[in-house]
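**Q** Provided below for reference: sequence and predicted model.
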Amino acid sequence: METLWFVLIAVLWLGYLFLEGFDFGVGMLLPVLGRTNAERRVMINTIGPVWDGNEVWLIVAIGATFAAFPGWYAALLSAAYLPLTLFLVALIGRGVAFDYRGKVESARWRKAWDTVIIVGSWTATLCVGLLISTTVLGLPIDANGDRVGSAFAAFRLDTVVGALAFAGYALVHGAVFTALKTEGEIRDRARRVALTLAPVALLPLIALLAIVAGLWAGVVVLVLAAAMWRLLANRDGQSFALMGLAIAASVAILFGSLYPNVLPSTLNDAWSLTVANTASSPYTLQVITWVAGFGTPAVLVYQGWTYWVFRKRIGVQHIPAAH
């Protein structure tokens, strides 16, 4: 049962990185792809109906960790509270900005809230990348599961590479999503940006996978190359699906290399937290499995319906003239 929940938590993080990855990317690329207010409104409207639903995957991932592996939850979130706090502040700022940017007919007002969206998107994706890479690469924790050192213990060269890995992926993923969901000049611009950024922006992800799993990184390289090939051929949907396959392979590699640990100790392997020594009781795991069995299909159906309803492309011609 412990292994099942470890896999389920990995799947929840996969869902979050795939879905929230593109809407982080849209926010990060707002000043690059959105040359006018109308174009920026188009970009925001592509994620407007879904960004808050995408965050459900984060809530469930953290909640599942708390329920299934309280030792993992306590050690990771307390040891990495600095990036976690920045992450939450960034998410709150983005959410407020999406709602408030159109409240006042003022270019200065909109520019201020656009800045919050951009900074919040960059900060959030860097922090979540740092958090996940810290989980996989470990922290200096002692025999009691407590962090040794300062609040900056999570900031190391390898974890910074992890932060850049997910930021780079989000940039390219967001550009591909924008190409998929828009039409006209924005779509053409998004395709060019994705193809231009990909060779550089995706390098940290490949480096992280190489650090963790060596030659297995080559699998993701091939999938990413295929995604850019399909984008070059104007197959936006296929490119987007391949970007999803790339992050799925990346999560499988990262969490597969982590198991049976959940948080390695960089001080002593014997002090690493594992699925066995951090799991809840068998009865608790059984109860939450039943809850997940009933709740998960409902969430998937609702979110799938939302994406289906808002599946069409949009362009500046769909934006009303008022602010």
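**A** Received, thanks.

**Q** Show the contacting residues for Val219.
**A** Contacts for Val219 were tallied using Cβ atoms under 8 Å, 6 or more residues apart in numbering; they are 249, 253. For the C-beta atoms, the positions are set from N, CA and C on the backbone; glycine is no exception.

**Q** Report pLDDT for the spatially closest residue to Phe255 that is not a sequence neighbour.
**A** In space, Phe255 comes closest to Ala10 once its chain neighbours are excluded; the distance is 4.0 Å by Cβ to Cβ, 6 or more residues apart in numbering. We have a pLDDT of 95 for Ala10.

**Q** chain center to the strand or helix carrying Ala10: distance?
**A** Per DSSP states H and E: Ala10 is located in helix 2-28. Put simply, helix 2-28 sits 6 Å off its chain's centre (Cα atoms, centre = their mean, to the nearest Å).

**Q** helices and strands around it, which ones?
**A** Using 3 or more Cβ pairs under 8 Å, 6 or more residues apart in numbering; DSSP states H and E, the elements in contact with helix 2-28 are helix 37-47, helix 51-54, helix 56-68, helix 107-137, helix 157-181, helix 236-258, helix 275-278, helix 282-309.

**Q** now the angle between helix 107-137 and that helix, please.
**A** Angle, helix 2-28 to helix 107-137, by axes from the mean of the first three to the mean of the last three Cα atoms, to 10 degrees: 150 degrees.

**Q** quick one: average pLDDT of the next helix or strand after helix 2-28?
**A** Next helix or strand after helix 2-28 toward the C-terminus (DSSP H and E): helix 30-33. Helix 30-33 shows a mean pLDDT of 93.

**Q** what do you get for stretch 53-62?
**A** Average pLDDT, stretch 53-62: 90.

**Q** Residues contacting that stretch, please?
**A** Everything outside stretch 53-62 that qualifies as a contact, by Cβ under 8 Å, 6+ apart, is 9, 12-13, 15-16, 19-20, 23, 73, 77, 91, 299, 302-303, 306.

**Q** Distance check, Phe240 against Val96.
**A** Remark: distance between Phe240 and Val96 (Cβ to Cβ, to the nearest Å) = 28 Å.

**Q** Counting neighbours, go ahead and name the busier of these two.
**A** Phe240 (21 against 14; other Cβ atoms under 10 Å).

**Q** what residues are up against that one?
**A** Phe240 touches 176-177, 180, 227, counting by Cβ under 8 Å, 6+ apart.

**Q** what do you get if the cut-off is 10 Å, keeping everything else the same?
**A** 18, 22, 173, 176-177, 179-181, 227, 230-231 (Cβ atoms under 10 Å, 6 or more residues apart in numbering).

**Q** Same check on Glu2?
**A** Going by Cβ under 10 Å, 6+ apart, Glu2 touches 68-69, 260, 262, 274-280, 282, 285.

**Q** Out of the residues you listed, give me the one that has the most neighbours.
**A** Val262 (28 neighbours).

**Q** what helix or strand is the closest residue to that residue other than its chain neighbours on?
**A** Excluding the flanking residues, the one nearest Val262 by Cβ to Cβ, 6+ apart is Trp72, at 4.2 Å. Element membership for Trp72, per DSSP H and E: helix 70-79.
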